[in-house]
Structure formats: C-alpha cells, structure tokens
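[1] 3D model of this:
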Amino acid sequence: MNSTACVDASIVIKLVVEEPGSDLADALWAQWIQQDVQIVAPALLRYEITAVLRKKVYRGQLSKEIANMALTAALDLKGIEYIDSPVLHLRALELASQFGLPTAYDAHYLALAEQQNCEFWTADVRLTQRISQALPYLRQLE
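    Numbers count the residues shown, from 1 in each chain. Okay, here's the model as predicted:
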C-alpha cells in the first residue's frame, strides 16, 4: 500500500455519520492508521463536510445536534494533512475541464492525488464511474 492516501468528504462523512459503507470506511481508516499512512486532503475538505452535514439536516436526515457532533468529530480526526496551493487550484481547473466536471471541487482531490503520487479514495460512485478508467489512482470504497 502507498504511504500516502488522499480522501474526500464522502469517506470522512462515513467515518462520523452511520450510513451505508461506514463499516468499510472505518476499516480502511483503521488500516491506514495501523500502517502509518499519511492522509492528505485539499483544504476545502472541511467546507465540504460542513456542507454535506448541513444538507443532511435540511433534508431531515440528521438532527442539528447530531450534525454538530459529527462535524466536531470530523474536524478532530487526527492525521489529515490539509494542503492548499495555487498550483493545486490551477491543476484542478484543468482536470475539471478534461473530464467535463461541472465544478472543480472533485478535481481538487484528483489534482492533489496526482501531485502527491498517491491513491485518491472516494465513495462517490458517479465520480468513479465517470473517470476511473482514465485515472489509475482513483479508488472506490466498496
């Protein structure tokens, strides 16, 4: 296994909110911690986690109290190195264009994994289906 892994909000949400695939995310995270894998993410991860939790509250899937606890747990996760750089944003814009992505959010994770020469882990099935053939470092939690 690579000594670095990039994760997106879909993985982190599964660590802090019980939903389908949470057991897989927990097992993967425990394996990474045991193997001393460096976990990286673009700085926007915190914003995306907040947005996902807010959407769950808005849709009635979570109470505000549970969302607050989940956000606190996500922000307190040890071992995530948050990376932000102008080069990352420029590459994300290129990748979003290359793969016809409507926004550049997901492309930031792709750009970071490319930059760090590591696997990018996501539970986002639509993203994986759209570009997995083109990027060998993209991994689907399943």
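[2] Next one, pLDDT for Met1 please.
    pLDDT recorded at Met1 is 49.
[3] Over to Ala43?
    The pLDDT attached to Ala43 in the predicted structure is 95.
[4] Help me confirm that it comes into contact with Ile80.
    No. Using CB atoms under 8 Å, Ala43 is not in contact with Ile80; the gap is 10.5 Å. The way it works is simple: take the backbone N, C-alpha and C, and place the C-beta from them, glycine included.
[5] So if I had to pick from the two, which one is more boxed in?
    Under the criterion of other CB atoms under 10 Å, the comparison of Ala43 against Ile80 puts Ile80 first, with 17 against 13.
[6] so the spatially closest residue to the more buried one that is not a sequence neighbour is in which element?
    Excluding the flanking residues, the one nearest Ile80 by CB to CB, 6 or more residues apart in numbering is Ile39, at 5.0 Å. When elements are assigned from DSSP states H and E, Ile39 belongs to strand 38-42.
[7] Tell me the strands beside that strand, with direction?
    strand 4-7 (parallel), strand 80-83 (parallel) (DSSP bridges).
[8] Following that strand in sequence, what is the next regular element?
    Using DSSP H and E, the helix or strand that follows strand 38-42 towards the C-terminus is helix 45-58.
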